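*Asks:* What follows is a predicted structure for the sequence shown.
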Amino acid sequence: MLVYEEDLSPMDVIAYRDDPVFSHKTITFATLAVDCVPGTLLTSAGAAYASGANVLIALDSHKAGSNIPVIVVDRGCVLKRNGLRAATPAALAAAITAIETSGLNRVSVSE
């Protein structure tokens, strides 16, 4: 019998960070179009990430809405591949490519 469901945390997304100050930042989305949990892949407009060079990784949970501040990954992190949450497998593959190409963060090989 399941009594409760454990919430996700930033540690479900980040395997290693080289600096606890610059590893994350807060972005306020005028419109957050999707509910997010740690690991959700977002665009800079607050929509679900599908493709492109700019991908944001949420580190906290929020419901969709207006003027929502979301803590996101910034730099110097090794991200857990299994901690990234995308709308589709193609979006996940595109996000991993974009993260690795940017050079700010890395994605683990496996969990």
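*Replies:* Perfect, thanks for sending it.
*Asks:* mind listing what the spatially most central residue of the chain touches?
*Replies:* Computing the C-alpha centroid of the chain and ranking residues by Cα atoms, centre = their mean puts Ile57 first, at 1.8 Å. Contacts for Ile57 were tallied using Cβ atoms under 8 Å, 6 or more residues apart in numbering; they are 13, 39-42, 72-73, 79, 84, 99. All C-beta spots, glycine's among them, are computed from the backbone N, C-alpha and C.
*Asks:* of the residues you listed, buried ones?
*Replies:* The neighbour count (16 or more other Cβ atoms under 10 Å) marks 13, 39-42, 72-73, 79, 84, 99 as buried among these.
*Asks:* Quick check: Leu32 touching Ser44?
*Replies:* No: contact status for Leu32 versus Ser44: not in contact, 11.6 Å apart, counting by Cβ atoms under 8 Å.
*Asks:* These two: who's more crowded?
*Replies:* Neighbours of Leu32 and Ser44, each counted by other Cβ atoms under 10 Å, are more numerous for Leu32; the result is 23 against 13.
*Asks:* which residues of this protein score low on pLDDT?
*Replies:* Applying pLDDT under 70 to the chain flags the ranges 1-5, 110-111.
*Asks:* Helices of that one, residue ranges please.
*Replies:* Counting by DSSP state H, the segments of the chain that form helices are 89-102.
*Asks:* Show me the strands in it, by range?
*Replies:* Remark: strands of the chain, listed N- to C-terminal, are 14-17, 24-32, 41-42, 56-57, 65-73, 77-79, 106-107; assignment by DSSP state E.
*Asks:* list the helices and strands the first one packs on?
*Replies:* When contacts are defined as 3 or more Cβ pairs under 8 Å, 6 or more residues apart in numbering; DSSP states H and E, strand 14-17 sits against strand 77-79.
*Asks:* Mind listing the strands the strand it packs on pairs with, and their directions?
*Replies:* Strand 77-79 has the following sheet partners, assigned by DSSP bridges: strand 14-17 (antiparallel), strand 106-107 (parallel).
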